[in-house]
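Peer 1: My questions are about this predicted structure, shown below with the sequence.
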Amino acid sequence: MDVWRSPRVAPHDRPYAPSAERNAAPILNVLREVLADCVSVLEVGSGTGQHAVAFAAALPHLHWTTADQRLHHAGIRAWLGEAGLPNLSGPLSLEIGVDDFPAGPFDAVFTANTLHYMPWAAVEQLFAAMPAVLRPGGRLVVYGPFREGGRFVSPNDPDFDAALRDGAPYRGLRDIETVEGLAVAAGLRRVAAYHMPADNRCLVWQRRDDADER
């Protein structure tokens, strides 16, 4: 049973994303499985901080480190301060392409609903950083919407993709196959793929361990 419960109303003193409340429980079900033997997790793109609080509360064996662009730090601090959880830290400053990645190695890296907002160069840099950020055998967990085989998988995705590109031309849903190519180039292998509500995906890659690299 989840130990975290979402607020019944949006807090007025903290940033609040309804989507983060909706998708926290299904993502948590995946994390319980894929992070069961992990201790340290770096969250890339912590956003409001809601996910960090939800997952750290429900998974006390993890030390969850938040990271995002500086403009989001005040909101993340508000959520972390209200939660007062001993296994939460950050936020670290991480704007991909500007800031260095936090020194690892971490057992896992988690990021949700970020790849379609980043410039493609930042997506490439995220995956390229994984050999240094993850320990051997560490996992990268990515949640969000994707295209598959160049096609949208949800009837709502074309409009969503168009809205993303209207906001900034570098945004847009990414092809799973292209992202998979970045993972393979970074020395990661896919170990799981979960179909999530609203036709989202939760993809899990694992860094090859030292024995695999020999």
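Peer 2: Received it, and whenever you're ready, just let me know what you need.

Peer 1: Out of the helices and strands in the chain, which is least certain?
Peer 2: Every helix and strand of the chain was ranked by mean pLDDT, DSSP states H and E. The lowest is helix 210-213, at a mean of 51.

Peer 1: max-length strand in this structure?
Peer 2: The residue-count maximum for a strand in the chain (DSSP state E) belongs to strand 134-144.

Peer 1: what does that strand contact?
Peer 2: Identification of contacts with strand 134-144 by Cβ atoms under 8 Å, 6 or more residues apart in numbering yields 23, 27, 30-31, 34-35, 38, 104-116, 127, 130, 179, 183, 188, 191, 196, 200-210, 213. Glycine gets a C-beta too; all of them are placed from N, C-alpha and C.

Peer 1: so of these, which ones are in helices?
Peer 2: 23, 27, 30-31, 34, 127, 130, 179, 183, 210, 213 (DSSP state H).

Peer 1: who's in contact with the nearest residue to residue 191 once chain neighbours are set aside?
Peer 2: The spatially closest residue to residue 191, leaving aside those adjacent along the chain, is residue 206, at 4.8 Å (Cβ to Cβ, 6 or more residues apart in numbering). Residue 206 makes contact with 137-140, 188-189, 191, according to Cβ under 8 Å, 6+ apart.

Peer 1: Just the buried residues of these.
Peer 2: The neighbour count (16 or more other Cβ atoms under 10 Å) marks 137-140, 188 as buried among those.

Peer 1: just the residues you listed now: which is nearest residue 68?
Peer 2: Using Cβ to Cβ, residue 140 is the member of those that lies nearest residue 68, at 17.1 Å.

Peer 1: From residue 158, how far off is that closest one?
Peer 2: 28 Å (Cβ to Cβ, to the nearest Å).
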